[in-house]
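J.: Got a predicted structure here, sequence first:
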Amino acid sequence: MRSARRPRSVLALLTAALLAVPGITALSSAARAADADLARNGGFESALDGWTCTAGSAVNSPVHSGSHALQATPAGSDNAQCAQTVTVQPNAQYTLSGYVHGSYVYLGANGTGTTDVSTWTQSAPDWQKLVTTFTTGAATTKVTIYTHGWYGTGAYYADDISLVGPGASTGQPPAAPTGLKTGPITSSSVALSWPAVTGATGYAVYRDGVKVQTASATSATVGGLAPSTAYSFQVTASNDAGESARSAAVTATTAAGSGGGSTGLPTHALVGYLHATFANGSGYTRLADVPDSWDVIDLAFGEPTSATSGDIRFNRCPVTECPNVESDADFKAAVKAKQAAGKKVLISIGGQNGQVQLTTTAARDTFVASVSKIIDDYGLDGLDIDFEGHSLSLNANDTDFKNPTTPVIVNLISALKTLKARYGSKFVLTMAPETFFVQNGHQFYGTGKWGGQDPRCGAYLPVIHALRDDLTLLHVQDYNSGPIMGLDNQYHSMGGADFHIAMTDMLLTGFPVAGDANSVFPPLRPDQVAIGMPASTNAGNGYVSPSEVTKTLDCLTKKTNCGSYATHGTWPALRGLMTWSVNWDRYANWEFEKNFDAYFG
């Protein structure tokens with residue numbers, strides 16, 4: 001039965017009449033005279049400025065208004081959240097709105113002090129507006145607004161996000177610091193200090209125009225610098241209202257280095273893995289037959305008796321698999337001959353099949369003892385860590401790469417420091433992580449603030465950081481990699497020089513971890529960095545031609561022949577190249593080695 005239609009009240013008719021008059025709004029409108037839009041860069045016209053995103057970038061199509069919008073792509077373990085923290089007033093009402101495009105797109109607010117809110121759309125084939133409201137708690141001064149998609153559902157878009165309500169009185173940013181000066185200077189670091197700034201709650205340090213670290217006090221030491229190199233430094237002060245202008249610049253030139261360090265590597269080194277415990281399509285290569293161009297030879301691989309035992313064994317390739325394998329006596333003689341020629345021979349631990357998880361201190365101690373035995377038995381120069389797969393993974397509450405708490409991380413760091421101390425300054429320590437465990441930490445670190453991410457994301461970062469003063473070489477595997485976001489907030493994929501340039505620039509410039517400007521992974525010295533590449537198309541995904549290798553080296557060491565990625569410096573002291581593998585390069589008629597020799601002479 002249809003109900004009778006009620007007559008409209010006089011008040012309702014009056015309200016409708018008022019709304020019909022241009023310039024007059026109802027008294028209940030969400031946008032009161034004292035209200036303001038508190039969202040920063042809600043239209044993404046300044047890229048991701050103000051936002052922290054796990055997997056996002058600014059695009060120019062599609063857009064709801066203006067020239068840019070957010071594009072974010074969820075993965076199987078990440079919902080591609082973009083968030084920003086906004087200063088608000090307690091006991092105040094706010095309206096959060098935004099336009100979204102795509103499937104399963106969410107808009108919400110956390111930390112409201114009352115009931116956190118969110119709204120979503122299952123499908124928005126065209127731009128759709130989402131709106132939600134909340135009231136802050138009696139002690140709430142900050143809330144976090146966010147947008148995200150859903151796991152593995154494809155890219156979504158967001159634009160014109162606003163948070164309308166009473167603005168909080170945040171005052172003014174502090175004045176720029178004055179009196180910046182340098183302190184002790186070494187071959188790899190510069191100490192800085194400056195007077196306190198009134199009203200500042202923190203400071204940021206810039207090196208050659210790039211923010212490299214933050215500080216709560218009025219001093220900082222910038223590390224990871226190249227020897228005999230001039231750098232320019234500036235400092236800013238900040239508080240809740242924002243960041244000050246930069247201070248006047250001071251310059252400093254680092255002290256001379258030791259020309260490759262006490263490990264005795266040449267200025268530019270060629271590193272290669274030698275299949276010592278197995279054969280495959282490339283065939284077995286005897287150690288004595290490795291050409292003199294190879295400066296560091298990593299014996300692949302030492303593997304554990306079980307994933308958590310810590311007991312590493314080096315079982316050389318059996319005659320049944322490698323008919324031309326040399327005897328133990330000849331192998332040891334070849335090690336000595338290589339060393340006499342100035343080469344370094346290391347045992348590489350791990351590899352694709354060698355999962356190593358030092359979950360206990362007992363496993364740590366067994367690792368140290370068993371690795372020492374291999375080094376001593378064969379008279380080797382050091383150790384390469386090539387942990388892959390599930391060897392390194394971060395616990396859910398382990399969020400600070402500078403202070404790790406996960407046992408497999410802490411125990412590995414302890415084991416490597418023990419080995420370095422046992423063998424002294426000439427001990428060669430190298431690492432060969434995959435991009436997923438290093439550069440991917442720029443976007444993701446462990447399970448993330450909201451959970452759901454792969455706990456292995458960035459898991460090598462605490463190990464590298466803790467060992468940076470002991471580390472001889474880091475040669476990240478720039479192959480078998482998915483797309484990685486660079487410092488330009490763009491994704492880079494394998495197949496050309498740009499990928500190697502972007503990935504290496506991140507190591508030499510430093511980068512925020514998980515997008516947090518207050519948690520910056522400091523740069524490594526260029527003499528600590530080599531670029532990992534496959535020797536041939538048979539060796540792995542991501543092979544690039546010799547001409548692309550040359551472009552990479554030109555751009556990073558000379559800043560010439562660069563592509564679309566703009567580097568943050570020039571590093572003539574870049575140590576060199578690593579490849580998988582010596583065997584595959586031999587199979588390809590030594591293409592990789594010949595190109596290296598032609599470039600560095």
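T.: On my side now, so go ahead.
J.: Give me the contacts around the host helix or strand of Ala58.
T.: In this assignment (DSSP states H and E), Ala58 forms part of strand 56-59. With contact meaning CB atoms under 8 Å, 6 or more residues apart in numbering, strand 56-59 is reached by 44, 47-48, 68-73, 80, 82, 157, 485, 489-491. Yep, even glycine has a C-beta here, placed from its N, CA and C like the rest.
J.: List the ones among those residues that fall in strands.
T.: Judged by DSSP state E, the contacts of strand 56-59 include Ala69, Leu70, Gln71, Ala72, Cys82, Tyr157, Met485, Tyr491 as members of strands.
J.: Test my guess that the last one contacts Gly482.
T.: Right, Tyr491. No. Checked against CB atoms under 8 Å, the pair Tyr491 and Gly482 is beyond contact range at 9.1 Å.
J.: how close does Pro177 get to Gly482?
T.: 41 Å (CB to CB, to the nearest Å).
J.: Actually, Val271.
T.: 24 Å.
J.: Looking at those two, which one has more neighbours?
T.: Shown here are Val271 and Gly482; by other CB atoms under 10 Å, Val271 has more neighbours (27 against 12).
J.: which ones are touching Glu388?
T.: Contacts for Glu388 (CB under 8 Å, 6+ apart) come out as Gly350, Gly351, Gln352, Gly354, Gln355, Glu434.
J.: Specify the beta-bridge partners of the residue lying closest to Val222 once chain neighbours are set aside.
T.: Of all residues not flanking Val222 in the chain, Val190 sits nearest, at 5.3 Å (CB to CB, 6 or more residues apart in numbering). Bridge pairing for Val190 (DSSP bridges) gives the partners Ile185, Val222.
J.: okay, now Val190: neighbour count?
T.: 24.
J.: That one against Ala252, yeah?
T.: Yes. The criterion here is CB under 8 Å, and Val190 meets it with Ala252 at 4.7 Å.
J.: shared neighbours of these two, which are they?
T.: In contact with both Val190 and Ala252: Thr182, Tyr231, Phe233, using CB under 8 Å, 6+ apart.
J.: Okay, now the unreliable bits of the stretch 101-250 of the chain?
T.: Scanning the stretch 101-250 of the chain for pLDDT under 70 picks out 169-170.
J.: Over to the chain?
T.: Low-confidence segments of the chain (pLDDT under 70): 1-34, 169-170, 257-262.
J.: Helices of that one, start to end?
T.: For the chain, helices defined by DSSP state H occupy the ranges 10-19, 328-340, 361-378, 407-423, 461-466, 497-509, 546-558, 582-587, 591-600.
J.: Of all the ones you listed, which one is nearest Gly102?
T.: Proximity to Gly102 (CB to CB) singles out helix 497-509 among those, at 27.0 Å.
J.: just checking, what packs against the closest one?
T.: On a contact count with 3 or more CB pairs under 8 Å, 6 or more residues apart in numbering; DSSP states H and E, helix 497-509 meets strand 484-485, strand 491-492, strand 530-534, helix 546-558.
J.: try it again with 7 Å
T.: Helices and strands touching helix 497-509, by 3 or more CB pairs under 7 Å, 6 or more residues apart in numbering; DSSP states H and E, are strand 491-492, helix 546-558.
J.: With distance to Thr320 and mean neighbour count as extra columns, can I get those in TSV?
T.: Listed next are the helices and strands packed on helix 497-509 as TSV, based on distance: least, CB to CB, whole Å; neighbours: other CB atoms under 10 Å:
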stretch	distance to Thr320	mean neighbour count
strand 491-492	43	19
helix 546-558	36	19
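J.: closest one to Tyr599 among these?
T.: Shortest distance between Tyr599 and the helices and strands packed on helix 497-509, using CB to CB, is found for helix 546-558: 5.8 Å.
J.: who wins for most neighbours among the contacts of Glu388?
T.: Counting by other CB under 10 Å, top hit in the contacts of Glu388: Gly350 with 25 neighbours.
J.: Now do the contacts for the closest residue to that one other than its chain neighbours.
T.: For Gly350, ignoring the flanking residues on the chain, the nearest one in space by CB to CB, 6+ apart is Asp386 at 4.1 Å. Neighbour list for Asp386: Phe301, Ser348, Ile349, Gly350, Gly351, Ala432 [criterion: CB atoms under 7 Å, 6 or more residues apart in numbering].
J.: Same check on Thr430?
T.: Leu346, Asp384, Thr472, Leu473, His475 are the contacts of Thr430 under CB under 7 Å, 6+ apart.
J.: Over to Gly389?
T.: Counted by CB under 7 Å, 6+ apart, Gly389 has contacts Gln355.
J.: let's see 10 Å
T.: In this structure, Gly389 makes contact with Ala307, Gly350, Gly351, Gln352, Asn353, Gly354, Gln355, Val356, Gln357, Glu434, Arg456, judged by CB atoms under 10 Å, 6 or more residues apart in numbering.
J.: before we move on, what about Thr557?
T.: Listed by CB under 10 Å, 6+ apart, the contact partners of Thr557 are His268, Pro526, Thr570, Trp571, Pro572, Ala573, Leu574, Tyr599, Phe600.
J.: Contact partners for the fifth one?
T.: Yep, that's Pro572 we're talking about. By CB under 10 Å, 6+ apart, the neighbours of Pro572 are Ala226, Thr229, Thr267, His268, Pro526, Leu556, Thr557, Lys558, Lys559.
J.: now with 6 Å?
T.: Shown in contact with Pro572 (CB atoms under 6 Å, 6 or more residues apart in numbering): Thr557.
J.: quick one: it from Ala55, how far?
T.: From Pro572 to Ala55 the distance is 35 Å (CB to CB).
J.: Please apply the same query to the third one.
T.: Going from Thr570 to Ala55 by CB to CB gives 30 Å.
J.: who's more crowded, those two?
T.: Between Thr570 and Ala55, Ala55 has the larger neighbour count (other CB under 10 Å), namely 24 against 17.
J.: Not counting its neighbours along the chain, what's nearest that one?
T.: Among residues not flanking Ala55 along the chain, Ala80 sits closest, at 4.2 Å (CB to CB, 6+ apart).
J.: ok, back up a step: just put the helices and strands packed on helix 497-509 in a markdown table and tack on distance to Tyr206.
T.: Formatted as a markdown table, those follow (distance: least, CB to CB, whole Å):
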| stretch | distance to Tyr206 |
| --- | --- |
| strand 491-492 | 24 |
| helix 546-558 | 21 |
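J.: These: which one's closest to Ile375?
T.: Of all those, helix 546-558 sits nearest to Ile375, with 31.8 Å by CB to CB.
J.: so what's Ala276 closest to, chain neighbours aside?
T.: Using CB to CB, 6+ apart, the closest residue to Ala276 is Leu299 (4.3 Å).
J.: neighbours around that neighbour, how many?
T.: Leu299, neighbours per other CB under 10 Å, totals 24.
J.: Ala466: which of the helices and strands packed on helix 497-509 is closest?
T.: Closest of the helices and strands packed on helix 497-509 to Ala466 is helix 546-558, at 25.7 Å (criterion: CB to CB).
J.: what's the angle from that closest one to strand 530-534?
T.: On the basis of axes from the mean of the first three to the mean of the last three CA atoms, to 10 degrees, helix 546-558 is oriented at 170 degrees to strand 530-534.
J.: any idea how far helix 546-558 is from the chain center?
T.: Averaging C-alpha positions (CA atoms, centre = their mean, to the nearest Å) puts helix 546-558 22 Å from its chain's average.
J.: hang on, the residue nearest to Ala276 packs against Ile349?
T.: No. Using CB atoms under 6 Å, Leu299 makes no contact with Ile349, being 9.9 Å away.
J.: Output the helices of the chain in JSON lines, with distance to Ala168 appended to each entry.
T.: Listed next are these as JSON lines, based on distance: least, CB to CB, whole Å:
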{"stretch": "helix 10-19", "distance to Ala168": "30"}
{"stretch": "helix 328-340", "distance to Ala168": "66"}
{"stretch": "helix 361-378", "distance to Ala168": "49"}
{"stretch": "helix 407-423", "distance to Ala168": "40"}
{"stretch": "helix 461-466", "distance to Ala168": "35"}
{"stretch": "helix 497-509", "distance to Ala168": "35"}
{"stretch": "helix 546-558", "distance to Ala168": "45"}
{"stretch": "helix 582-587", "distance to Ala168": "61"}
{"stretch": "helix 591-600", "distance to Ala168": "57"}
